[in-house]
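In: Take a look and give me a structure for this.
(one chain, ligands or ions: 1)
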Amino acid sequence: MKNIVIAAGLAVAAVALSQASAADMMALAKSKNCLACHAIDTKLVGPSYKDVAKKYAGKPGAEATLVNAVLHGVSGGWGPVPMPANPQVSPAEAKQLVEWILSMKK
Ligand code: HEC
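Out: Just a heads-up that it's a prediction; the model follows:
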């Protein structure tokens, strides 16, 4: 019984942690201007992050491809509008953002 209570407590703590980091990632994406062109659920100038996650789900090398796209820009994958390079983003931040985006697959 005591173990169940402890396990439940840990589960709640884990959920709280992952929510905090989702909020942090939202803030990072906002501060790096990603959200000027992207939204989680809706296509704006660029594809929605959920669509990106769906397209690349299970693809080997997806993370490296997308980190490169975020840092240096990319075109032709989604439509006529290219994504410009994002020199304000460090490689480590790009990796964090891409992991966050790829985690949105349903
Ligand atoms: C000026 C608008 C703009 C900004 C700012 C922008 N994006 Fe994009 N993004 C786009 C467009 C347009 C595409 C689709 C490009 C294409 O068709 O290949 C795209 C595509 C992407 C993709 C998918 C790339 C692929 O190869 O499929 C990812 C991931 C992405 N953006 C993440 C980001 C992140 C993270 C940021 C912030 C650092 C960001 N974007 C900032 C417009 C933007």
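
In: Could you identify the helix or strand that succeeds the worst-scoring helix or strand of the chain on mean pLDDT?
Out: Within the chain, no helix or strand scores below helix 2-31, which has a mean of 71 by mean pLDDT, DSSP states H and E. Remark: after helix 2-31, the chain's next helix or strand is helix 49-56, criterion DSSP states H and E.

In: For the chain, what lies in contact range of the ligand?
Out: Proximity of the chain to the ligand (Cβ under 6 Å from any ligand atom) is limited to residues 32-34, 36-38, 45-47, 52, 66, 69-70, 74-79, 81-84, 86, 89, 97-98, 101. Just so you know, the C-beta spots here come from the backbone N, C-alpha and C atoms, and that holds for glycine as well.

In: 8 Å instead?
Out: 29, 32-38, 45-47, 49, 52, 55-56, 65-66, 69-70, 74-84, 86, 88-89, 93-94, 97-98, 101 (Cβ under 8 Å from any ligand atom).

In: Pull out the buried members of these.
Out: Buried members of those, scored by 16 or more other Cβ atoms under 10 Å, are 29, 32, 34, 38, 46-47, 49, 52, 56, 66, 69-70, 74, 83, 86, 89, 93-94, 97-98, 101.

In: wait, isn't residue 83 in contact with residue 76?
Out: No. With contact defined as Cβ atoms under 8 Å, residue 83 does not reach residue 76; the gap is 10.4 Å.

In: quick one: low-confidence parts of the protein?
Out: 1-20 (pLDDT under 70).

In: Need the nearest residue in space to residue 74, chain neighbours excluded.
Out: Spatially, and ignoring its direct neighbours in sequence, residue 74 is nearest to residue 83 (5.2 Å; Cβ to Cβ, 6 or more residues apart in numbering).

In: actually residue 73, not the one I typed
Out: residue 85 (4.1 Å).

In: next one: phi and psi at the one you found?
Out: Residue 85 adopts backbone torsions of phi -60, psi 150, taken as degrees, to the nearest 10.

In: what does residue 103 give?
Out: According to degrees, to the nearest 10, residue 103 has phi -80, psi -10.

In: State the distance from it to residue 70.
Out: Applying Cβ to Cβ, to the nearest Å, the value for residue 103 to residue 70 is 15 Å.
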